[in-house]
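S.K.: coords below, sequence missing:
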């Protein structure tokens, strides 16, 4: 596995049910190479991974397994991923689902989201992005233990319940907006986030899409998080910003 994928795995919080049992994921993918590419890192995070390469079999497995999250290809033998999702949601309406497909036209994306997909990733993809998105879906679903409400990236820790942030064990005081910005960065470690994405997530474009507000608050965060330490917040010229463990 590439070093960047291993780093992404190390940065992810461990998720489990309140009783300590692992998160269950059903990966519906008819290409064995892609299915194995997903299975290995998910198992490394401690998840219970089940595979299906057929639409009808996927519905059967979902009925019996009641997974915590679905990963669905669009083009499958039997019935396609959209129909799989419709049938699974008829049985278990609250299961979050991520569609992973080569069908990247806007109409395809709209159809997938309209069928109930919570997220949509197109091929080719990076395993880091899929892992991060799946973790976010599971965290938001409410099925994992409350202890998972802690974001950890390297030595930077955020308690989502108390809003306390520490780096290397030292408390980092933040304003409400600084906290929101850092939370968004920590929910997406190792991922380059554009100024537009940050504006939408943190400010909902209340500042008219003015990118300088992002630059300003990133500078505030750097003074709080990185001052006197090895930096974690990095600028990717022409693309945006990325938060990653120091080192």
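M.R.: Yes, it's here. For clarity, every value in this text was computed on a predicted model and none was experimentally measured. Residues are numbered from 1 along each chain as shown.

S.K.: okay, CA-based contacts and neighbour counts for the rest of this
M.R.: Fine.

S.K.: wasn't residue 158 part of a strand?
M.R.: Yes. The assignment for residue 158 is a strand, going by DSSP: H, G, I helix; E, B strand; the rest coil.

S.K.: what bridges to it?
M.R.: With DSSP bridges applied, residue 158 shows beta-bridge pairing to residue 151, residue 165.

S.K.: that one touches residue 151, doesn't it?
M.R.: Yes. Applying CA atoms under 8 Å as the test, residue 158 and residue 151 come out as touching, 5.0 Å apart.

S.K.: which residues does the residue nearest to residue 246 when sequence neighbours are not counted contact?
M.R.: Across the structure, with CA to CA, 6 or more residues apart in numbering as the measure, the residue nearest residue 246 apart from its sequence neighbours is residue 232 (5.3 Å). Contact partners of residue 232, counting by CA atoms under 8 Å, 6 or more residues apart in numbering, are 225-226, 243-246.

S.K.: right, and residue 188 touches residue 132 too?
M.R.: Yes. With contact defined as CA under 8 Å, residue 188 reaches residue 132; the gap is 6.5 Å.

S.K.: which of the two has more neighbours?
M.R.: residue 188 (24 against 19; other CA atoms under 10 Å).

S.K.: pLDDT score for the more buried one?
M.R.: Here, the pLDDT recorded for residue 188 equals 91.

S.K.: so the residue nearest to residue 192 when sequence neighbours are not counted, which state does it fall into?
M.R.: In space, and not counting its chain neighbours, residue 192 is closest to residue 242: 4.6 Å by CA to CA, 6+ apart. In three-state terms, and counting by three-state DSSP, residue 242 is strand.

S.K.: shouldn't residue 242 be in contact with residue 195?
M.R.: No. Applying CA under 8 Å, one finds residue 242 not in contact with residue 195, separated by 10.9 Å.

S.K.: so what's residue 159 closest to, chain neighbours aside?
M.R.: With CA to CA, 6+ apart as the measure, residue 150 is the residue that lies nearest to residue 159, at 4.6 Å, once sequence neighbours are left out.

S.K.: lovely, talk soon.
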